[in-house]
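1. The amino acid sequence is not available; the structure is as follows:
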């Protein structure tokens, strides 16, 4: 685990200056790493209770931070939390991996996600929080007051090279990323750039071949679940003069059961294999405002993006066979309330509010692919959205745009680009 905290920091600078009050927490954990070269890794259980158990968690926070800069300057008040967990990593080379032991790999437990993005030191997964952060710049300069949380977990990865990976025991891989920003104020006067983004990213994969011509085989339970939450409240961004700014609240979650990666792969989930995959995102922004004057441009985005696949062939000419069960569930939820965009003078502002979720049983990816399904595939995709109390004010040669969309896609089998062959003798069910 890793913890980084910044408390009651004040920086005031004049002339050419750089102010850095950023905090970063990095946590990485792995069960077995063999490094580069052609390796053979056999993880065999000596008893029914034998397991590989990997847990990584990180926390970064900034509270009561004030930065004032005049002249040519840069200010960095970012908070970044990174958590990464891997069960078996063989690195580059032509590797062979056989797993015959229960494996639990965690960069956070999605079941603890409640939609609020509340977390603290010692919390599971990656947590980044910013409270009462103020940044004021006058003159030529830039400021970054972002809050970023990244959580990633891998069960078995073969790395670059032509790998053979076989799993014969239950693997559970989870990740959770949470980011929040409350009471953030950014003011720019003159030729300035600003980024005040709140971002959470969570990703998981059960078996990953990465680059090379890989063979992935699953004969057991393969569980891959991710969740990400982002929350922004009482946020204010004011820019005047020749300035540009981004103030995005973005949440992404990705989950894959078996991921072939690039090149020509062979991927098989046999009759004793059960792949259970889910990805969930929640993104909220409340009482946030943006004010622009003069030759200013700004981008404000509220996004909740999820993507999940039971089997993902990636690029290349792949051969994919499913003879077991595949269950895939995705959900994206977002809410924007009490926001206002005020535009004055020759200014531009663009905002988008988007909930997007994609769920695929088998996604063959680009290339000439051969797919056979003799098992059962169930896919569910849900997108939820609430946007209210959003207003605009204009004066002079000003323009603004807003797009509110909710997209949900569910498919049992996606053939990808190129020539393909599909044989389906199993059952498929899709729900949106």
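-> Now that the structure is in, tell me what you want to look at. Since this is a predicted model, take the numbers as computed values, not measurements.
2. Give the rounded mean pLDDT of stretch 379-386.
-> Stretch 379-386 carries an average pLDDT of 91.
3. So which bits of that stretch are buried?
-> Within stretch 379-386, the residues scored as buried using 16 or more other CB atoms under 10 Å are 379-383, 385. C-beta coordinates here come from the backbone N, C-alpha and C atoms, glycine included.
4. Quick one: those as JSON lines, columns for secondary structure too.
-> Formatted as JSON lines, the buried residues of stretch 379-386 follow (DSSP: H, G, I helix; E, B strand; the rest coil):
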{"residue": "379", "secondary structure": "strand"}
{"residue": "380", "secondary structure": "strand"}
{"residue": "381", "secondary structure": "strand"}
{"residue": "382", "secondary structure": "strand"}
{"residue": "383", "secondary structure": "strand"}
{"residue": "385", "secondary structure": "strand"}
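5. Run through who's touching stretch 365-376.
-> Outside stretch 365-376, the residues that touch it by CB atoms under 8 Å, 6 or more residues apart in numbering are 260, 264, 269, 271, 312-326, 361-362, 364, 412-413, 415-429.
6. and if you look at stretch 260-268?
-> With contact meaning CB under 8 Å, 6+ apart, stretch 260-268 is reached by 208-218, 258, 311-323, 365, 367.
7. can you check stretch 36-56 too?
-> Contact with stretch 36-56 is made by 1, 27-32, 34, 83-88, 90-107, 153, 159, 161, 169, as judged by CB under 8 Å, 6+ apart.
8. And the residues you listed, which of them are buried?
-> Using 16+ other CB under 10 Å as the threshold, 27, 29-32, 34, 83-88, 90-99, 101-107, 153, 159, 161, 169 are the buried ones among the contacts of stretch 36-56.
9. and the contacts of stretch 260-268, which of them are in strands?
-> 208, 215-218, 258, 311-312, 319-322 (DSSP state E).
10. who wins for neighbours among those residues?
-> If you count neighbours using other CB atoms under 10 Å, the busiest of these is residue 311, which has 35 neighbours.
11. Just list whatever residues bridge to that one.
-> Residues in a beta bridge with residue 311, per DSSP bridges, are residue 258, residue 362.
12. same check, this time on residue 279
-> residue 226, residue 330.
13. Distance-wise, check it relative to residue 145.
-> 28 Å (CB to CB, to the nearest Å).
14. More neighbours: those two, which one.
-> residue 279 (33 against 30).
15. list the contacts for the more buried one?
-> Residue 279 makes contact with 202, 225-227, 253-255, 306-308, 329-331, 357 under the criterion CB under 8 Å, 6+ apart.
16. 6 Å instead, please
-> 226, 253, 255, 306, 308, 330 (CB atoms under 6 Å, 6 or more residues apart in numbering).
17. Same check on residue 319?
-> 266, 370.
18. quick thing: my sequence starts at 10, can you match it?
-> Understood, numbering begins at 10; the last thing we discussed is residue 328.
19. mean confidence for the helix or strand containing residue 188?
-> Using DSSP states H and E, residue 188 sits in strand 180-198. Per-region confidence: strand 180-198 scores 83 on mean pLDDT.
20. can you check stretch 272-280 too?
-> 96.
21. buried ones in that stretch?
-> Neighbour counts over stretch 272-280 (16+ other CB under 10 Å) mark 272-278 as buried.
22. ok, residue 32 touching residue 85?
-> No: using CB atoms under 6 Å, residue 32 is not in contact with residue 85, being 10.2 Å away.
23. For the two, indicate the residue with more neighbours.
-> residue 32 (25 against 17).
24. is that one in a bridge, and if so with what?
-> Residue 32 has the following beta-bridge partners by DSSP bridges: residue 88.
25. What does the pLDDT read for it?
-> At residue 32, the model reports a pLDDT of 82.
26. ok, back up a step: can you lay out the buried residues of stretch 272-280 as JSON lines showing distance to residue 129 and secondary structure?
-> Listed next are those as JSON lines, based on distance: CB to CB, whole Å; DSSP: H, G, I helix; E, B strand; the rest coil:
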{"residue": "272", "distance to residue 129": "43", "secondary structure": "coil"}
{"residue": "273", "distance to residue 129": "46", "secondary structure": "coil"}
{"residue": "274", "distance to residue 129": "41", "secondary structure": "coil"}
{"residue": "275", "distance to residue 129": "45", "secondary structure": "strand"}
{"residue": "276", "distance to residue 129": "40", "secondary structure": "strand"}
{"residue": "277", "distance to residue 129": "43", "secondary structure": "strand"}
{"residue": "278", "distance to residue 129": "39", "secondary structure": "strand"}
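27. Double-check that residue 120 belongs to a helix.
-> Yes: assessed with three-state DSSP, residue 120 lies in a helix.
28. List the contacts of it.
-> By CB under 6 Å, 6+ apart, residue 120 lies in contact with nothing.
29. Please report how far it lies from residue 112.
-> Residue 120 is 18 Å from residue 112, by CB to CB.
30. what's the distance between residue 437 and residue 387?
-> Distance, residue 437 to residue 387, by CB to CB: 8 Å.
31. Between these two, which has more neighbouring residues?
-> Neighbour totals were compared for residue 437 and residue 387, and residue 387 leads with 20 against 17 (other CB under 10 Å).
32. show me what contacts that one?
-> Applying CB under 6 Å, 6+ apart to residue 387 gives the contacts 336, 438.
33. in stretch 279-298, what's buried?
-> 282-295, 297-298.
34. Spatially, what comes nearest to residue 181 if we skip its sequence neighbours?
-> Once flanking residues are discounted, residue 181 sits nearest to residue 232: 4.3 Å by CB to CB, 6 or more residues apart in numbering.
35. contact partners of stretch 420-438?
-> So stretch 420-438 is contacted by 369-388, 439 (CB under 6 Å, 6+ apart).
36. Understood, closing this out.
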